[in-house]
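Participant: What follows is a predicted structure for the sequence shown.
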Amino acid sequence: MVTQLMDRQMRHWLDDHIPALGGKTPRQAVRTKAGRKQVIDLLHGQENLTHSSPGGRTYDFTWLYRELGLQVPE
């Protein structure tokens, strides 16, 4: 159930206008080098939040990197 909720939230996030990205969507932001860096930083922040969540549950962000055409971190 948590995974389904995160999937839905992150699918929506891809097309949200994000203030931290200057009002661009993640899909728009990755079109520039600076935007890709910002998106990757945001994704890393989200990953860190899920790793520190109670119960130790993590979420696989791999599909988001691929969806945005970014290199999947190892």
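Facilitator: Looks like it arrived, so ask away. Remember, predicted model here, so these are calculated numbers, not experimental data. Numbering: from 1, shown residues only.
Participant: CA only for contacts and neighbour counts going forward, please
Facilitator: Noted.
Participant: in stretch 39-53, what's buried?
Facilitator: Buried residues in stretch 39-53, counted by 16 or more other C-alpha atoms under 10 Å: 39-40, 50.
Participant: of these, the lowest pLDDT goes to which?
Facilitator: pLDDT across the buried residues of stretch 39-53 is lowest for Thr50, at 78.
Participant: and that residue, helix, strand or coil?
Facilitator: helix (DSSP: H, G, I helix; E, B strand; the rest coil).
Participant: can I assume it is in contact with Phe61?
Facilitator: No. Between Thr50 and Phe61 there is no contact under C-alpha atoms under 8 Å: 10.1 Å.
Participant: Give the burial count for Ala29, as a bare number.
Facilitator: Residues lying near Ala29 (other C-alpha atoms under 10 Å) number 21.
Participant: and if you look at the one 3 residues further on?
Facilitator: Burial of Thr32, expressed as a neighbour count using other C-alpha under 10 Å, amounts to 10.
Participant: Helices of this protein, start to end?
Facilitator: Secondary structure of the chain, counting by DSSP state H: helices at 2-13, 26-29, 33-51, 62-67.
Participant: Throw those helices into CSV and include distance to Pro19, thanks.
Facilitator: Shown next, in CSV, are those (distance: least, C-alpha to C-alpha, whole Å):
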stretch, distance to Pro19
helix 2-13, 12
helix 26-29, 11
helix 33-51, 11
helix 62-67, 19
